[in-house]
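[1] What follows is a predicted structure for the sequence shown.
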Protein chains: 2
Amino acid sequence: MASLDDLGHDEFELLARLAFGYYEEGLTQEAVARRFGLSRPKVQRLLDRARTVGVVDIRISAPPWLHVDLERELRERFGLTEVIIAPGRGDAVSQREEVARAAARYLERRLDDGSVVAVSHGRDTGEVPRFFGPGRKIDATFVSAMGGSPLADSPTNPNEIVRRLADRCGGQAKGLYAPAHVESERMRDELLRQPAVSETLRAAARASIALVGIGGTDDGCTMVRSGCFSVEEIRRLREAGAVGDVLGNYVDVDGGRLDSPETGRLVGLGLAELRAIETVVVVVSEAEKPFAILGVLRTGVVDVLVLDEVNARFLAERARDPEMRPEREV
Amino acid sequence: MASLDDLGHDEFELLARLAFGYYEEGLTQEAVARRFGLSRPKVQRLLDRARTVGVVDIRISAPPWLHVDLERELRERFGLTEVIIAPGRGDAVSQREEVARAAARYLERRLDDGSVVAVSHGRDTGEVPRFFGPGRKIDATFVSAMGGSPLADSPTNPNEIVRRLADRCGGQAKGLYAPAHVESERMRDELLRQPAVSETLRAAARASIALVGIGGTDDGCTMVRSGCFSVEEIRRLREAGAVGDVLGNYVDVDGGRLDSPETGRLVGLGLAELRAIETVVVVVSEAEKPFAILGVLRTGVVDVLVLDEVNARFLAERARDPEMRPEREV
DNA sequence: CCCATCGGTGAGCAATTGCTCACCATCCCG
DNA sequence: CGGGATGGTGAGCAATTGCTCACCGATGGG
């Protein structure tokens, strides 16, 4: 590696002088070139050299809670456009809040008048509205991307979430008036033919942003708690290889889509529709099973990942060692 | 002053993220803007802010012998385009060498095929050729800008200097075959009418660069040693307020030109001709009287100043306190 | 409550910068 | 001593950047 000490005195001096002129005095490369009797391209090359060699050192003092390297690693490994790791917190509740806050900040930056956001259910997603507060009014539309459930805590229901998001920015909410899960496939298909239902889902599919959580497959996962699935059903899915879901679309650890009798009775956006959405933002915090995240990331539908540090480290590690399987999980 | 700590968490984080994207990952401002959902100008403003606030810290590790600040101060105080302070040395001889080396480096950078350099006499100027060695052949012309003297050490005579400079780079030398000082004004005028003399002086006046030393007014100055002036004559000049000279043009401490019977008998470029030269490079080291430098700088003919650290500090101090006069000198 | 003021915003343009390319000198090997 | 490889160079162009300007919304004073 090139280093300061390999430099001759004269070259060191020249590089330092050029760097001073350019960075400290704020001259243009052209002006520096004139002053030193060099050609402009040469000054550019020398300035480059000054950087690589360390004569010029650009240091960025990051806030201590930022994990820029880890974020970049995940971004590159999973082909994401953006990864945000929320500051770490001791307990699950405030950790979830931090993640939600980070997601809210991201949304605030991304939303404009006319933006349409498709929203999932879930505890992580449900926490976002509390922290969502752009300084200005935004005429955005928030659309439920899946059905609801009377059994779930009300603030984790998509309709509730979209309403609160819309309230926070003076935008509009568009609920999906259908259950997340119905008795039969036939029933679902009929439901989808209802204009009120199909219209909302179509609007969700045309969203430019999706804000979704990731569900697990253990007996206490959201889908079970909300009554969509019985413990028995989720067990069957698990045995079929399911590790988690987005909007009720279950996937295995390799990101493969799982079709089963259970999954045919869900009302919500499918993976293909999700993929068509420009920016799919996933919010996950501590409580979720990391393999669920892994599986969902591998589907390739995700663009932006907002998560906590523990999950982030886990993902980075698994990504480096792709053979790891959930069976070996502790 | 803005500081890191006045920053809110959110803003600090955003600035750091932007800075990482731009400076570390090498994205364009546009790409960063897209990633964070901001407009490009806003990213630019935030990056500016990151710099002023210290999130981004551009540090230049200068070689310890460089005095960039002092150079800048002199540059600004005296309206120079360039000031080069040579590394300090204990004894006068090696100090002079360092200054000459620095001047040689500067010349090397500035010269091109076709360049014409007007050259003075003097011990400082005379030292430059030893260190002048561009890697390549340069078809430059070096012209004596003043007459010579048989009494002076041969290597400090302009004709000798131009010849050695030309040798060092494969260029051409153009000597001035006339004494630096003649008996009478009439004699000088006649001399100037000689084609050989006038032609060389005209060539010198059309030079794009002048490389000149500065002479003092004490009894042992170059002009006395070389026999141009008697001790008596230099005393008269001194009493008239002269502090030093360039090319035999004597000036007072305020940079005013001094006319006296003595100065009318000198053969060389005048101040006006010097001023017309694009880049006038002055080389001075330890041995010279600092007030001589001060006076010459104040004439406004100098563009580039190459000197040692002691003189540099003296000049900076005097410039801050312009009332100081040579009378009070120790 | 209205209007002037002010800080901040993006459009658009001019200047600066990065980069490709063809060229040249030099060096090293045959 | 020739000839190809190599490293460096500036011309020229495309992309990026800095900057001006008109505008907008908030703020505060009348």
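    That came through, no problem. Numbers count the residues shown, from 1 in each chain, chains lettered A, B, ... in the order given.
[2] CA atoms only for the biggest helix by length in chain A - export them in CSV, please.
    Ranked by residue count under DSSP state H, the longest helix found in chain A is helix A:92-110. Output in CSV follows, covering the C-alpha atoms of helix A:92-110 (Å, rounded to 0.1, in the frame of the first residue of the first chain):
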residue,chain,number,x,y,z
ALA,A,92,-37.3,-5.3,22.7
VAL,A,93,-39.8,-2.5,23.0
SER,A,94,-37.5,0.5,22.7
GLN,A,95,-35.5,-1.4,20.0
ARG,A,96,-38.7,-1.7,18.0
GLU,A,97,-39.3,2.0,18.6
GLU,A,98,-35.8,2.9,17.3
VAL,A,99,-36.3,0.8,14.1
ALA,A,100,-39.7,2.4,13.6
ARG,A,101,-38.3,5.8,14.1
ALA,A,102,-35.6,5.2,11.5
ALA,A,103,-38.2,3.9,9.1
ALA,A,104,-40.4,6.9,9.7
ARG,A,105,-37.4,9.2,9.0
TYR,A,106,-36.9,7.4,5.7
LEU,A,107,-40.5,7.7,4.7
GLU,A,108,-40.5,11.4,5.5
ARG,A,109,-37.6,11.9,3.2
ARG,A,110,-39.1,9.8,0.4
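[3] can you list the residues that contact it?
    In this structure, residues lying in contact with helix A:92-110 by CB atoms under 8 Å, 6 or more residues apart in numbering or on different chains are A:82, A:84-89, A:117, A:123-124, A:127-134, A:209, A:211, A:279, A:281, A:283-287, A:304, A:306-308, B:10, B:36-38. (Each C-beta comes from the backbone N, C-alpha and C, glycine too.)
[4] mind listing the helices for chain A?
    So, for chain A - with DSSP H - the helices run A:9-19, A:29-36, A:40-53, A:68-78, A:92-110, A:123-131, A:158-169, A:185-193, A:195-205, A:222-225, A:231-239, A:271-276, A:290-298, A:309-320.
[5] Between these, which has the poorest mean confidence score?
    The minimum mean pLDDT among the helices of chain A belongs to helix A:222-225 (a mean of 83).
[6] Now do the closest residue to A:Pro155 other than its chain neighbours: how many residues are near it, please.
    Across the structure, with CB to CB, 6 or more residues apart in numbering or on different chains as the measure, the residue nearest A:Pro155 apart from its sequence neighbours is A:Gly126 (4.8 Å). For A:Gly126, the count of nearby residues is 26 (other CB atoms under 10 Å in any protein chain shown).
[7] Name all residues that make contact with A:Gly126.
    Taking CB under 8 Å, 6+ apart as the criterion, A:Gly126 is in contact with A:153, A:155-157, A:160-161.
[8] How confident was the prediction at A:Glu323?
    Predicted confidence (pLDDT) for A:Glu323: 59.
[9] Now for A:Gln172, how many residues are close by?
    The number of residues packed around A:Gln172, counting by other CB under 10 Å, is 15.
[10] Quickly note the distance from it to A:Arg110.
    Applying CB to CB, to the nearest Å, the value for A:Gln172 to A:Arg110 is 17 Å.
[11] Repeat that for A:Cys228.
    When distances are taken as CB to CB, A:Cys228 and A:Arg110 turn out to be 30 Å apart.
[12] And those two? Which one has more around it.
    Taking neighbours as other CB under 10 Å, A:Cys228 and A:Arg110 compare with A:Cys228 leading, 27 against 20.
[13] ok, that one - contacts?
    Taking CB under 8 Å, 6+ apart as the contact definition, A:Cys228 lies against A:149, A:179-181, A:248, A:266.
[14] what's it sitting at in phi/psi?
    Per-residue torsions, A:Cys228: phi -70, psi -40 (degrees, to the nearest 10).
[15] count of neighbours near A:Ala180?
    There are 27 residues near A:Ala180, going by other CB under 10 Å.
[16] Touching, it and A:Pro150? I think so.
    No - using CB atoms under 8 Å, A:Ala180 makes no contact with A:Pro150, being 10.3 Å away.
[17] Model confidence for A:Leu7, exactly?
    Here the pLDDT value assigned to A:Leu7 is 67.
[18] Oh, that last question was meant for A:Ser184, not what I typed.
    84.
[19] Excluding covalently adjacent residues, which one is nearest to it?
    The spatially closest residue to A:Ser184, leaving aside those adjacent along the chain, is A:Arg265, at 6.3 Å (CB to CB, 6+ apart).
[20] Next up, the contacts around the one you found.
    Counting by CB under 8 Å, 6+ apart, A:Arg265 touches A:181-185, A:187-188.
[21] How about A:Ala292?
    Shown in contact with A:Ala292 (CB under 8 Å, 6+ apart): A:214-217, A:243-245, A:284.
[22] Filter those down to the ones in strands?
    Secondary structure from DSSP state E places A:244-245, A:284 of the contacts of A:Ala292 in strands.
[23] Show me which residues of chain A sit near DNA strand C.
    Proximity of chain A to DNA strand C is confined to A:22, A:28-30, A:40-41, A:44, A:47 under the rule CB under 7 Å from any atom of the strand.
[24] Most neighbours of all these, which one?
    Across the residues of chain A next to DNA strand C, the neighbour count under other CB under 10 Å reaches its highest value at A:Tyr22, namely 22 neighbours.
[25] what distance separates the start and the end of stretch A:107-124?
    For stretch A:107-124, the first and last residues are 14 Å from each other (CA to CA, to the nearest Å).
[26] in that stretch, what counts as buried?
    For stretch A:107-124, the buried set under the neighbour-count rule, 16 or more other CB atoms under 10 Å in any protein chain shown, comprises A:107-108, A:110-111, A:115-124.
[27] again with stretch A:133-145
    Buried positions in stretch A:133-145, judged by neighbour count with 16+ other CB under 10 Å: A:134, A:138, A:140-145.
[28] and if you look at stretch A:253-260?
    Residues of stretch A:253-260 classed as buried by neighbour count (16+ other CB under 10 Å): A:253, A:255, A:258.
[29] ok, the last one to A:Val243 distance?
    Meaning A:Leu258. The value you get for A:Leu258 to A:Val243, if CB to CB is used, is 9 Å.
[30] if I look at the two, which residues touch both of them?
    With contacts defined as CB under 8 Å, 6+ apart, the residues adjacent to both A:Leu258 and A:Val243 are A:251-252.
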